[in-house]
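Enquirer: Prediction below, plus the sequence it came from.
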Number of protein chains: 2
Amino acid sequence: MTTLSSAAAVLRCYSADRCDLTVTQVSGLLGMPKSNASRLLRAMAACGLLEPVGASKRYRPGLLLHEAGAVFRTSSALTQRADEVVARVAAASGHTGYVSRRDGVEMVAVTDHPGMHALRVASSIGRRLNAGASATGRSLLARLPDAEIRALFTPFPTPPSANAPSNADELLRRVEAVRRRGFACAIDEANRGVGAVAVAVGDPQTQSEVSLCITFPAALMNEAERIELARELHEGAAAIAALTGDARFPAAFRAEAGAA
Amino acid sequence: MTTLSSAAAVLRCYSADRCDLTVTQVSGLLGMPKSNASRLLRAMAACGLLEPVGASKRYRPGLLLHEAGAVFRTSSALTQRADEVVARVAAASGHTGYVSRRDGVEMVAVTDHPGMHALRVASSIGRRLNAGASATGRSLLARLPDAEIRALFTPFPTPPSANAPSNADELLRRVEAVRRRGFACAIDEANRGVGAVAVAVGDPQTQSEVSLCITFPAALMNEAERIELARELHEGAAAIAALTGDARFPAAFRAEAGAA
DNA sequence: AACCTCTGTTCCGGTTTTTGGCACAATGAC
DNA sequence: GTCATTGTGCCAAAAACCGGAACAGAGGTT
């Protein structure tokens, strides 16, 4: 465990629910002696990676991380293009849209556009989503060969709800449906009452892939509307795929109903 | 120079203009042997702090930094409140607004709201601004005692243009005007053709301070409109100051013309 | 007010990582 | 094909890091 990896581990302790940390918390979460945690946090604060909250008992991420994060967001042309498409579709529909990436078996939102309706899905930046139990996750998984998906999902994570695939075979069936249709759809899986449609696109040049996703209150959308949203996402993503020369993009769009 | 501080130094090399780095660049910028830079970048990538761009010759900030940066942005209640006010005023006027913080003699934008007009000031997230030569900077400086400002600005940085204060005495005069009026104003200082008005507010509890700023094409605004914008910012900031119990907030608003 | 608990800091050595110079490999330009 | 440039292993010396335990401070309780 080098200092650097410890520092990274500390950063991973932060989330939308835990936006500041104390020495004892870090010591507990990472199983490290308090003396170590104390020095590490202080060193990170001295570098600008963290900053003390108020008097100085709690630490939160520092300005430096904010700036580096901003660079991350603007550096990827793929993300930017995807963001434009999502912004357009989200604005037109009034629902929440976001661009996300896969990190192992979890999804991380990269940019988002909160919806305009009174009832809307909250921003998902800072919250991780199960890749197998979400439209955005399955849209990206569909770009991988089955064997790789199976390896990734061994052991299989406990599904967050009854609607989510509960084993690898079921997940692969859904993923196959995504490949056939050209888009993914999830209703009531990771979050109760929430539905989503998603389309993935990649840039072979930078070997990066993102998912374009629109998420909405499941009760407010019927099948036809969902498919219409998916079609708009697919159109936008197809344009990006053409630009980047993405060979794995599912060119066909099939208006089939049901989850995938 | 510990590994951690080297890593932080690498992150500081990134900016809006330089969104990916190579081993040689880092080695040159930080004056470190190439072997070191090579290992450091690889270690940072292994931790998720950086990620390789495409094939693997260039590195850019990684997902982890994006997530930690998001936590930073949402963690500060002060920033959020300030952001709401700026968002409202920016939307009403159609001009670009942002919330920023001071880091030494530089300002860093924390959140921003691009304007709606065809001619508008571009987003400033990722770009640093001279604190002495900007409305947003002087609004925050006005909260410090003169002696501290003088210490901070010794030696005095070269002013970016003729309209910016060129020595400490001139800066202190401007800052005094900010204290009297309750808002700061800069025309054609850090950026040609750009004007801005700003108001600062703090939270004694967390000892953090932010500046609320609206920026606009200087040619499109007259004195009365500038003062009206400043008044709106000041009203919003006053509400925040009341909530946080900020004693240093300049309660009075005086509609005086000219830069400050 | 005195007590107690819980958090955070400091200090020590022994151990591990890091450092920097160099030679070598890989890449791309001419 | 040659050359210039960039990136990567290797090594001994040097520095940083680790874990334990003792110490200091803040907050709450009796």
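Expert: The structure has been received and is ready for your questions. For clarity, every value in this text was computed on a predicted model and none was experimentally measured.

Enquirer: List the residues that contact the residue of the stretch 51-200 of chain A found nearest DNA strand C.
Expert: Proximity of the stretch 51-200 of chain A to DNA strand C (CB to the nearest atom of the strand) peaks at A:K57, 4.6 Å away. Bear in mind the C-beta positions are built from the backbone N, C-alpha and C, glycine included. Taking CB atoms under 8 Å, 6 or more residues apart in numbering or on different chains as the criterion, A:K57 is in contact with A:T22.

Enquirer: ok now the longest helix seen in chain A, how far from the chain's centre?
Expert: In chain A, assigned by DSSP state H, the helix with the most residues is helix A:223-244. When distances are taken as CA atoms, centre = their mean, to the nearest Å, helix A:223-244 is centred 18 Å away from the chain's centroid.

Enquirer: same deal with stretch A:185-197?
Expert: The answer for stretch A:185-197 is 14 Å, by CA atoms, centre = their mean.

Enquirer: Identify each buried residue in stretch A:48-61, please.
Expert: A:G48, A:L49, A:L50, A:E51, A:P52, A:V53, A:R58, A:Y59, A:R60, A:P61 (16 or more other CB atoms under 10 Å in any protein chain shown).

Enquirer: Using pLDDT, spot the least trustworthy of those residues.
Expert: Least confident entry in these, by pLDDT: A:V53, with 81.

Enquirer: Who are the contact partners of it?
Expert: A:V53 sits next to A:D20, A:Y59, A:R60, B:S75, B:T206 when contact means CB under 8 Å, 6+ apart.

Enquirer: Tell me the residues of the stretch 1-150 of chain A that contact DNA strand C?
Expert: Contact residues (CB under 7 Å from any atom of the strand) of the stretch 1-150 of chain A with DNA strand C: A:2-4, A:22-25, A:34-35, A:38-39, A:41-42, A:56-58.

Enquirer: tell me which of those is nearest to A:L141?
Expert: A:L4 (30.6 Å; CB to CB).

Enquirer: my guess is the closest one meets B:M44, correct?
Expert: Yes: if you go by CB atoms under 8 Å, A:L4 and B:M44 touch, sitting 6.7 Å apart.

Enquirer: Model confidence for the nearest residue in space to A:G193 that is not next to it in sequence, exactly?
Expert: With CB to CB, 6 or more residues apart in numbering or on different chains as the criterion, A:G193 has its nearest non-adjacent residue at 5.5 Å, and that residue is A:A218. A:A218 carries a pLDDT value of 89.

Enquirer: Look at A:L129 and give its secondary structure.
Expert: Secondary structure, DSSP: H, G, I helix; E, B strand; the rest coil: A:L129 is strand.

Enquirer: What number of residues are in the vicinity of it?
Expert: 24 (other CB atoms under 10 Å in any protein chain shown).

Enquirer: Now do it against A:G258, distance only.
Expert: Between A:L129 and A:G258 the computed distance is 20 Å (CB to CB, to the nearest Å).

Enquirer: again, but for A:L40
Expert: 49 Å.

Enquirer: The two: which is more packed in?
Expert: More crowded of A:L40 and A:G258, by other CB under 10 Å: A:L40, with 22 against 11.

Enquirer: residues in contact with A:G48?
Expert: By CB under 8 Å, 6+ apart, the neighbours of A:G48 are A:G62, A:L63, A:L64, B:A8, B:R12.

Enquirer: Ignoring the adjacent residues along the chain, who's closest to the third one?
Expert: So the one you mean is A:L64. Nearest one to A:L64, counting by CB to CB, 6+ apart, is A:G48 at 4.0 Å.

Enquirer: before we move on, what about the first one?
Expert: Spatial nearest neighbour of A:G62, chain neighbours left out: A:E51 (4.2 Å); criterion: CB to CB, 6+ apart.

Enquirer: can you pull out the helices in the stretch 51-200 of chain A?
Expert: Remark: helices assigned in the stretch 51-200 of chain A by DSSP state H, counting those that start in this stretch are A:63-75, A:77-93, A:135-141, A:146-152, A:168-181.

Enquirer: so of those, which one's packed in deepest?
Expert: helix A:135-141 (a mean of 30; mean count of other CB atoms under 10 Å in any protein chain shown).

Enquirer: Now do the contacts for A:P217.
Expert: With contacts defined as CB under 8 Å, 6+ apart, the neighbours of A:P217 are A:H117, A:L119, A:R120, A:V121, A:G193, A:V194, A:G195.

Enquirer: what's the pLDDT at the fourth one?
Expert: At A:V121, the pLDDT value in this model is 77.

Enquirer: B:S208 versus that one, what's the distance?
Expert: 30 Å.

Enquirer: Which one of those two is surrounded by more residues?
Expert: A:V121 (23 against 18).

Enquirer: sorry, back to before: tabulate the contacts of A:V53 (TSV), appending distance to A:V105.
Expert: Formatted as TSV, the contacts of A:V53 follow (distance: CB to CB, whole Å):
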residue	distance to A:V105
A:D20	27
A:Y59	29
A:R60	27
B:S75	27
B:T206	36
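
Enquirer: can I get the helices of the stretch 51-200 of chain A in a markdown table with distance to B:H234 and mean pLDDT?
Expert: Converted to a markdown table, these look like this (distance: least, CB to CB, whole Å; pLDDT from 0 to 100):
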| stretch | distance to B:H234 | mean pLDDT |
| --- | --- | --- |
| helix A:63-75 | 25 | 87 |
| helix A:77-93 | 31 | 88 |
| helix A:135-141 | 42 | 97 |
| helix A:146-152 | 54 | 96 |
| helix A:168-181 | 53 | 96 |
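
Enquirer: for those, which one sits closest to DNA strand D?
Expert: helix A:63-75 (16.5 Å).

Enquirer: Who are the packing partners of that closest one?
Expert: helix B:3-13, strand B:58-61, helix B:63-75, strand B:106-113 (3 or more CB pairs under 8 Å, 6 or more residues apart in numbering or on different chains; DSSP states H and E).

Enquirer: wait, which of those is closest to A:V85?
Expert: helix B:63-75 (19.5 Å).

Enquirer: Tell me what angle that closest one forms with helix A:3-13.
Expert: Angle between the axes of helix B:63-75 and helix A:3-13 is 50 degrees (criterion: axes from the mean of the first three to the mean of the last three CA atoms, to 10 degrees).

Enquirer: Helix B:63-75 versus strand B:106-113: what angle between them?
Expert: Going by the same axes, to 10 degrees, helix B:63-75 makes 80 degrees with strand B:106-113.

Enquirer: Show me what helix B:63-75 is in contact with.
Expert: By CB under 8 Å, 6+ apart, the list of residues contacting helix B:63-75 reads A:8, A:11-12, A:14-16, A:19-20, A:53, A:60-63, A:65-70, A:72-73, A:101, A:103, A:108, A:110, A:125-126, B:11, B:47-49, B:51, B:79-80, B:110-111.

Enquirer: Next to chain B, which bits of the stretch 151-260 of chain A? Give me the list.
Expert: When proximity is defined by CB under 8 Å from any CB of the partner chain, the stretch 151-260 of chain A lies next to chain B at A:Q205, A:T206, A:Q207, A:S208.

Enquirer: what about the first one, neighbour count?
Expert: One way to gauge burial is a neighbour count; for A:Q205, by other CB under 10 Å, it gives 14.

Enquirer: Report the secondary structure state of it.
Expert: coil.

Enquirer: so it touches A:D246, yeah?
Expert: No: the pair A:Q205 / A:D246 is not scored as a contact, 9.6 Å apart, by CB under 8 Å.

Enquirer: export the helix or strand containing A:E209 as CSV, just CAs?
Expert: Element membership for A:E209, per DSSP states H and E: strand A:208-217. Extracted in CSV, the C-alpha atoms of strand A:208-217 (Å, rounded to 0.1, in the frame of the first residue of the first chain):
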residue,chain,number,x,y,z
SER,A,208,-13.5,5.1,-24.5
GLU,A,209,-17.1,4.4,-24.4
VAL,A,210,-20.1,6.3,-22.9
SER,A,211,-23.7,5.7,-22.4
LEU,A,212,-26.4,8.2,-23.2
CYS,A,213,-29.4,7.8,-20.9
ILE,A,214,-32.7,9.4,-20.2
THR,A,215,-34.4,8.6,-17.0
PHE,A,216,-38.0,9.3,-15.9
PRO,A,217,-40.8,8.4,-13.4
